[in-house]
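>>> Model the following, please.
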Amino acid sequence: MDQKNKSEEEIARYSASIISNELDPIEGCRLILELWYGLEEESNDDINYLIAIESDSEHFPCSNNRELYSPSYLETLDLEKEKLLASEYDNIKEVCISLMHKYRRGEFKL
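Residues are numbered from 1 along each chain as shown. Below is the predicted model:
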C-alpha cells in the first residue's frame, strides 16, 4: 500500500474513532488535517469545516502536553472546549462520517 492509501485509510480510521468516542474530537480533527495536508488534494466543505474547527480550537492543549498548563488555566480551557463541542459535535460527527466513507479501504467496525 502506498503512502497516499495509508494516509487515506488513517483518515477513515480517525474519523471512525471520533464517531465512536474513542478519540477526542479536537485531537482527531488535528490528526485528520495533518494527514489530509500530505495528500495535496483540493479542499472541500468537509475539510474546510475541520480547518475552521482547528482554528477555533488551536489554543486547546493536546492530551500529551496538558501538564505544561496550570490547573486553573486548564479548567478555563476545558470549559471553553466543552462549550465548543456542545455546539459543534454533531457537525464534526457528520463530517467524519463523510470522510470515513470517502477514504476507507475495506471494512472496519465503529
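
>>> All the strands of the protein, residue numbers only.
For the chain, no strands are identified by DSSP state E.

>>> what about it, any weak spots by pLDDT?
Counting by pLDDT under 70, the ranges of the chain that qualify are 1, 106-110.

>>> any idea which helix is longest in it?
Looking across the chain with DSSP state H, the single longest helix is helix 71-103.

>>> Now do the buried residues in that helix.
74, 77, 81, 84-85, 88, 92, 95-97, 99-100, 103 (16 or more other CB atoms under 10 Å). For the C-beta atoms, the positions are set from N, CA and C on the backbone; glycine is no exception.

>>> and of those residues, the nearest to residue 16?
Proximity of the buried residues of helix 71-103 to residue 16 (CB to CB) peaks at residue 100, which lies at 5.4 Å.

>>> Okay, that closest one and residue 13: tell me how far apart.
Distance, residue 100 to residue 13, using CB to CB, to the nearest Å: 8 Å.

>>> before we move on, what about residue 4?
Residue 4 is 15 Å from residue 13, by CB to CB.
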